[in-house]
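Chemist: How does the following fold in three dimensions:
(one chain, ligands or ions: 1)
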Amino acid sequence: MEAEDLNREEPEEPPSDNEEALPHPYPFLNNTFLFRQRYFPKAAESEWNDWRWQLRNRITSSSMLARMFQLSDAERSAFQFREATLPMAITPYYASLIDPENPDQPIRRAMIPVASELLVSPGEARDPLGEDGHSPVKGLVHRYPDRVLFLVTDYCSSYCRYCTRSRMVGKRKCGGKKQWQKAIDYIFSHREIRDVLISGGDPLTLSDAQLDWLLGQLRAIPHVEMIRIGTKAPMVVPQRITEGLIGILKKYHPLWMSIHCMHPDELTEEARQACMRLADAGIPLGSQTVLLAGINDTVETMKRLMHGLLKIRVKPYYLYQCDPIVGSSHFRTPVSKGLEIYQGLRGHTSGYGVPTFVIDAPGGGGKVPLIPETVVGRDGSDLLIRNYEGNVYRYPDKVSEKDRVCGEVFPCE
Ligand code: SF4
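Modeler: Model (predicted):
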C-alpha cells in the first residue's frame with residue numbers, strides 16, 4: 001500500500017446547494033427509496049449502495065437541509081453561529097430516516113443542530129472525561145491499566161449532536177500514518193496493554209487499505225490480546241459493511257465491535273443486513289447507547305431498542321448517562337431516569353437485553369456502573385434481597401464467624 005493512500009484526505013464535501021425548498025410529497029414512512037428518488041434522482045442504485053458515494057454526498061449545509069426538511073426556528077437559528085459548534089453532516093441514507101416535518105423525531109434531534117447547543121450550562125466542559133489529560137501521545141488515551149483508546153480519525157460520516165468528542169470530531173486534525181505510528185510504538189513499548197479499542201471519529205470511515213494496515217500493525221504486537229472497533233457505521237452508513245471489509249476484519253480475530261445506536265428507528269433492513277454480515281464473520285457485536293432526553297428516555301423505547309438489537313445479533317452492552325459536554329443540557333436526563341429504565345428492563349426482559357448503565361466519571365474517573373439497590377440488608381446470616389417486582393427475599397448466606405458474632409444488619413468491616 002502506498003503511504004499516500006494511508007494519508008489520503010477525507011472525502012471532499014459536496015458543493016452547497018441553494019435551490020429552494022421543495023414541498024414534501026410523502027408522509028414520513030422511513031422510506032429510503034422515495035427519499036432517494038426525490039432528492040438524488042440521478043444516483044444509480046449502485047452509487048447509493050456505495051459507502052464512498054454516501055460520504056461524498058453528505059448533507060452538510062442549512063440550504064441542503066432546508067430543501068429536504070421543514071426546519072423549525074430552533075434549527076434555523078443554530079446555523080447563525082455554526083463555526084462555534086460541532087460540524088453538521090448526515091449521510092443521504094441516514095437522512096432518509098429523518099421525518100421531514102417533525103423536529104422532535106429522534107434521529108432528527110440527534111443529527112440536526114438546534115440553538116440550545118449554543119448554551120453553556122454549569123458543569124459542562126469541552127473534554128468532560130479528561131481524555132486529553134490521559135493522552136501520552138496524540139490520538140491515544142491510556143486511562144485504564146491494561147487497555148488503551150486509539151483515536152485513529154476525527155472524521156465521522158454523520159455527526160451526533162451529543163458526541164462526547166465534539167471538541168475534536170470533524171476538525172480534521174487527527175489521523176494519518178505518522179500519528180498512528182507513534183501510537184503503535186507506544187502500545188508496543190507498554191507490555192501491560194492487552195486490549196486496544198480503535199475509535200475516533202468513526203474508524204470505519206477509513207479505507208480498507210488503511211484499516212488493514214492498522215489492524216495488521218496492532219495484531220503483530222504480541223501482548224495485544226484483543227482489538228475492538230467502536231463505530232456507528234452499521235446505523236448511519238450500513239453500505240460500509242462490504243464483503244471486502246469483512247474479508248479484512250476476519251483476518252484479525254479476536255476482533256470485537258461496539259456499535260453506537262440510540263433508537264429503534266435506526267434498526268432498518270439495511271442495518272440488519274450489515275450487522276448480520278459482521279456477526280457471520282465471527283465478530284462479537286455489542287451496543288453502546290447514550291441516554292437522551294426526549295429521544296430514548298422511556299422504558300418502552302429502550303426495550304424496543306434492546307429487543308431489536310438482540311434480533312440482529314447485537315448484545316446490548318452499555319447504556320451511558322449523557323456526558324456533560326458543552327451545550328448538552330437539552331440532551332441530558334436526570335440520573336434517576338437511567339435507573340428507572342434499568343429497573344424497567346432488569347427482570348422484565350432477558351438478561352441479554354439489559355445493558356450496564358454507567359456514568360463515565362467526569363475528570364477521567366472511568367466508567368462507574370449504576371444499579372438500583374437490590375441488597376436490602378441482613379437478618380442474622382440471611383441476606384435480604386429485592387427482586388424486579390420490589391418483593392424482598394431471603395438468601396441463606398454463607399457468612400463468616402466474624403459477621404455472625406457481629407450480628408449487625410450489614411457485615412462488619
Ligand atoms: S459517530 Fe461517534 S464519534 Fe462520530 S459524532 Fe457520533 S458519537 Fe461522535
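Chemist: residue ranges of the strands in the stretch 51-200 of the chain, please?
Modeler: Here the stretch 51-200 of the chain has its strands, by DSSP state E, counting those that start in this stretch, at 140-144, 147-151, 195-199.
Chemist: packing partners for the last one?
Modeler: Strand 195-199 is packed against strand 147-151, helix 208-219, strand 226-231, with contacts defined by 3 or more Cβ pairs under 8 Å, 6 or more residues apart in numbering; DSSP states H and E. Using the backbone N, CA and C atoms, a C-beta is placed for each residue, glycine as well.
Chemist: where do the strands sit along the stretch 301-413 of the chain?
Modeler: Using DSSP E, counting those that start in this stretch, strands in the stretch 301-413 of the chain cover 315-321, 356-361, 366-369, 375-379, 382-386, 392-396.
Chemist: returning to what we had before: Arg56: which of the helices and strands packed on strand 195-199 is closest?
Modeler: Among the helices and strands packed on strand 195-199, helix 208-219 comes nearest to Arg56, with 16.7 Å by Cβ to Cβ.
Chemist: tell me what the closest one is packed against?
Modeler: With contacts taken as 3+ Cβ pairs under 8 Å, 6+ apart, helix 208-219 sits against helix 3-6, helix 177-189, strand 195-199, strand 226-231, helix 243-249.
Chemist: Helix 177-189 and that helix, what's the angle between them?
Modeler: 20 degrees (axes from the mean of the first three to the mean of the last three Cα atoms, to 10 degrees).
Chemist: Also compute the angle for helix 208-219 relative to strand 195-199, please.
Modeler: Interaxial angle, helix 208-219 versus strand 195-199 (the same axes, to 10 degrees): 160 degrees.
Chemist: What residues sit buried inside helix 208-219?
Modeler: Across helix 208-219, burial judged by 16 or more other Cβ atoms under 10 Å covers 208, 210-215, 217-219.
Chemist: Which stretch among the strands of the stretch 301-413 of the chain is buried most, on average?
Modeler: strand 315-321 (a mean of 20; mean count of other Cβ atoms under 10 Å).
Chemist: pLDDT averaged over that strand - what is it?
Modeler: What strand 315-321 shows for mean pLDDT is 98.
Chemist: CA atoms of it as CSV?
Modeler: Extracted in CSV, the C-alpha atoms of strand 315-321 (Å, rounded to 0.1, in the frame of the first residue of the first chain):
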residue,chain,number,x,y,z
LYS,A,315,-25.7,-7.7,22.6
PRO,A,316,-26.8,-4.6,24.5
TYR,A,317,-23.5,-3.6,26.2
TYR,A,318,-23.5,-0.1,27.7
LEU,A,319,-26.2,2.5,28.4
TYR,A,320,-24.4,5.8,29.1
GLN,A,321,-25.6,8.7,31.1
